[in-house]
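**Q** Need coordinates for the following:
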Amino acid sequence: MERLKQAVSLIESGNFEKGLEELKEVRKEADHEGLYDLSNIYYSLGLIEDSRDVVEELLIHYPKEGELLVQAAECYVDLEQEQDAIAALNKIDANDAAYPPALLLLADLYQTEGLEEVAEQKLLEAKRISPDEPIIDFGLGEFYLTQGHHLKAVPYYESVLGTKGELANENIELRLAEALSGSGQFEEALTFYEKGLENGREINALFGYGFTALQISEYRKAINAFNELKDLDPQYSTLYPYLARAYEEEGATTEAIQTLVQGIKVDEFNEELYLQASRLSYKTHDNKSGEQYLRELLAINPTHIEAAKTLATFLRTEERYEDIIDLLNNIEEGDQSDPYLDWSAATAYAQMEEYKDAIKRYENAYTYFKNDPIFLEEYGLFLIEEGRREEAVEAFKLALKLDPTLVHLEEEILRFGEETFNEE
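**A** The predicted structure is shown next:
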């Protein structure tokens, strides 16, 4: 034991090579207790293979010793020998004091392999054996949180609040805040975020705090949190659309747009940033910028239907019908279409007197918009131009039924209905 201490002193004083040589000599003459200590020292130095070799040597003499099997499993995990780790842990007897820690390690391993149900069973078994063990409650909270089962995680985190010992360095308040927020308990979550952030500023927690504040209209708190996060890590691109939304809700539209511009510089492929920037530009009557953001988005993702629909709608208001057709030709593939785009295309083709294409698009759109009085009126007027007056009258009647304020259609129904009758 004295020689082991000397070897450790050599390593701690910087004489690493000589210390390691001394450890090799210790291994040759150490008893079993000394080998156990040596294994721990190797592990603490990051010499995992040496630690594993010593533990395996001890397991020859004590093949059922739970503590050794757990130590071996930890080495196997670090060496990415997961199956060996599972095999070692499964050898531990249920009555062994090391069995609950083994179950926790098994749960981690099974979860890593995607066997979530097995992992949960191991954790719950550990809970049954040691119902008052904080590390097990913490493990269950962590498991459910990572699985997205936020509500299940809450009571386990609550039970270990204020726990010292093994959990002294864990920020339980922030874990609980995330679980509460994820389960929709935003008011309570905000309180624990504030407590947890007093203990330490974590960038993911700042994002969670800002997001949670946003859900309950605490816009100023959200803005402060997201701006602090931005100062700490400007590359945290997820924050920008939420910060912009908080600014918008506060009525600070200029700051919202500036935030989105900053976000696009950080992440030029974040489609949500372009959509928001376009919407706010149109909102402030900066139509040129609104169109530009949509076109930039469509350059990144030509099949982005939402961007295409928004741009097509704007182009309709501008009566830029050729631009609508150019837009749709660039984004539509094969027989795929969208009813809103069909309507825009139908309007454009009709205005350009390309009636064959127009009727096809109107018929496609009709299936979706047959209960939309505005569409029905436009469709009816087009049908009249095509000489399909009877169908037009039916479209007008349905539009009037859906929206009785369209009283001008009564005259159209009477006029074209009468003309159809006279022709017959």
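**Q** all contacts plus neighbour counts: C-alpha atoms, from now on.
**A** Will do.
**Q** does the residue nearest to residue 369 when sequence neighbours are not counted sit in a helix or strand, and which one?
**A** Leaving aside its sequence neighbours, residue 369 sits nearest to residue 375 (CA to CA, 6 or more residues apart in numbering; 6.5 Å). Residue 375 is located in helix 373-385, with elements delineated by DSSP states H and E.
**Q** Please identify the buried residues of that helix?
**A** Buried residues in helix 373-385, counting neighbours by 16 or more other CA atoms under 10 Å, are found at 373, 374, 375, 376, 377, 378, 379, 380, 381, 382, 383.
**Q** What separation do you get for the residue nearest to residue 369 and residue 345?
**A** As judged by CA to CA, to the nearest Å, residue 375 and residue 345 stand 13 Å apart.
**Q** mind checking the SS state of residue 96?
**A** coil (DSSP: H, G, I helix; E, B strand; the rest coil).
**Q** Distance of it relative to residue 90?
**A** Applying CA to CA, the value for residue 96 to residue 90 is 12 Å.
**Q** Neighbour count: those two, which is higher?
**A** Neighbours per residue, other CA atoms under 10 Å: of residue 96 and residue 90, the larger number sits with residue 90, 17 against 13.
**Q** circling back to that earlier point, run the angle between the helix or strand following the helix holding residue 375 and helix 373-385 for me.
**A** Once helix 373-385 ends, the next helix or strand along the chain (criterion: DSSP H and E) is helix 389-402. Angle, helix 389-402 to helix 373-385, by axes from the mean of the first three to the mean of the last three CA atoms, to 10 degrees: 160 degrees.
**Q** quick one: average confidence on helix 389-402?
**A** Averaging pLDDT along helix 389-402 gives 89.
**Q** Stretch 24-31 now?
**A** Across stretch 24-31, pLDDT averages out at 77.
**Q** Now that stretch - C-alpha only, CSV.
**A** In CSV, the C-alpha atoms belonging to stretch 24-31 read as follows (Å, rounded to 0.1, in the frame of the first residue of the first chain):
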residue,chain,number,x,y,z
LYS,A,24,3.3,-1.8,-12.9
GLU,A,25,5.6,-3.1,-10.1
VAL,A,26,2.9,-2.7,-7.5
ARG,A,27,0.6,-4.9,-9.6
LYS,A,28,3.1,-7.7,-9.6
GLU,A,29,3.1,-8.0,-5.8
ALA,A,30,-0.2,-6.5,-4.6
ASP,A,31,-2.7,-8.5,-2.8
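**Q** Now tell me what touches that stretch from outside.
**A** Residues from elsewhere that reach stretch 24-31, judged by CA atoms under 8 Å, 6 or more residues apart in numbering: 1, 3, 4, 35, 38.
**Q** List the buried residues of it.
**A** For stretch 24-31, burial by neighbour count (16+ other CA under 10 Å) applies to 26, 27, 30.
**Q** Next one, pLDDT for residue 55 please.
**A** Per-residue confidence at residue 55 stands at 89 (pLDDT).
**Q** Let me fix that, I meant to ask about residue 332.
**A** On the pLDDT scale, residue 332 is placed at 64.
**Q** Just give the number of residues close to residue 235.
**A** Around residue 235 there are 15 other residues, counting by other CA under 10 Å.
**Q** So it, which state does it fall into?
**A** Three-state call for residue 235 (three-state DSSP): coil.
**Q** give me every residue that touches the closest residue to it other than its chain neighbours.
**A** The shortest distance from residue 235 to any non-neighbouring residue, by CA to CA, 6+ apart, is to residue 266 (6.0 Å). Contact analysis of residue 266 by CA under 8 Å, 6+ apart lists 234, 235, 237.
**Q** In JSON lines, list those residues along with pLDDT.
**A** Output for the contacts of residue 266, formatted as JSON lines (pLDDT from 0 to 100):
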{"residue": "234", "pLDDT": "95"}
{"residue": "235", "pLDDT": "95"}
{"residue": "237", "pLDDT": "94"}
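**Q** So the closest residue to residue 400 other than its chain neighbours versus residue 212, what's the distance?
**A** Nearest residue to residue 400, sequence neighbours excluded (CA to CA, 6+ apart): residue 406, at 5.7 Å. To residue 212, residue 406 is 45 Å away according to CA to CA.
**Q** Between the two, which is the more surrounded one?
**A** Higher neighbour count among residue 406 and residue 212: residue 212, with 28 against 15, using other CA under 10 Å.
**Q** rewinding a little: separation between the residue nearest to residue 400 and residue 412?
**A** 11 Å.
**Q** go on, residue 57?
**A** Taking CA to CA, one finds residue 57 at 97 Å from residue 412.
**Q** of those two, who's got more company?
**A** residue 412 (17 against 14).
**Q** Now do the same contact list for that one.
**A** Taking CA under 8 Å, 6+ apart, one finds 393, 396 in contact with residue 412.
**Q** The same query, at a cut-off of 10 Å, please.
**A** Shown in contact with residue 412 (CA atoms under 10 Å, 6 or more residues apart in numbering): 380, 381, 392, 393, 396, 397, 418.
**Q** what do residue 406 and residue 412 both touch?
**A** Shared contacts of residue 406 and residue 412 (CA under 10 Å, 6+ apart): residue 396.
**Q** residue ranges with poor pLDDT in the stretch 201-350 of the chain?
**A** For the stretch 201-350 of the chain, the stretches with pLDDT under 70 are 332-336.
**Q** before we move on, back to that, tell me which element the residue nearest to residue 400 falls in.
**A** Secondary structure from DSSP H and E places residue 406 outside every helix and strand.
**Q** Please apply the same query to the one 4 residues further on.
**A** With the criterion set as DSSP H and E, the secondary-structure element containing residue 410 is helix 408-423.
**Q** which residues touch the nearest residue to residue 368 once chain neighbours are set aside?
**A** Spatial nearest neighbour of residue 368, excluding adjacent residues (CA to CA, 6+ apart): residue 339 at 6.4 Å. Shown in contact with residue 339 (CA under 10 Å, 6+ apart): 309, 345, 361, 362, 363, 364, 365, 366, 367, 368, 369.
**Q** so the second one is in which element?
**A** When elements are assigned from DSSP H and E, residue 345 belongs to helix 339-351.
**Q** same deal with the third one?
**A** When secondary structure is defined using DSSP H and E, the element that contains residue 361 is helix 355-369.
**Q** quick one, that helix and helix 339-351 angle?
**A** Using the same axes, to 10 degrees, helix 355-369 lies at 150 degrees relative to helix 339-351.
**Q** helices and strands around helix 355-369, which ones?
**A** Packing partners of helix 355-369 (3 or more CA pairs under 10 Å, 6 or more residues apart in numbering; DSSP states H and E): helix 339-351, helix 373-385.
**Q** ok so, going back, what subset of the contacts of residue 339 is buried?
**A** The buried subset of these (16+ other CA under 10 Å) comprises 309, 345, 361, 362, 363, 364, 365, 366, 369.
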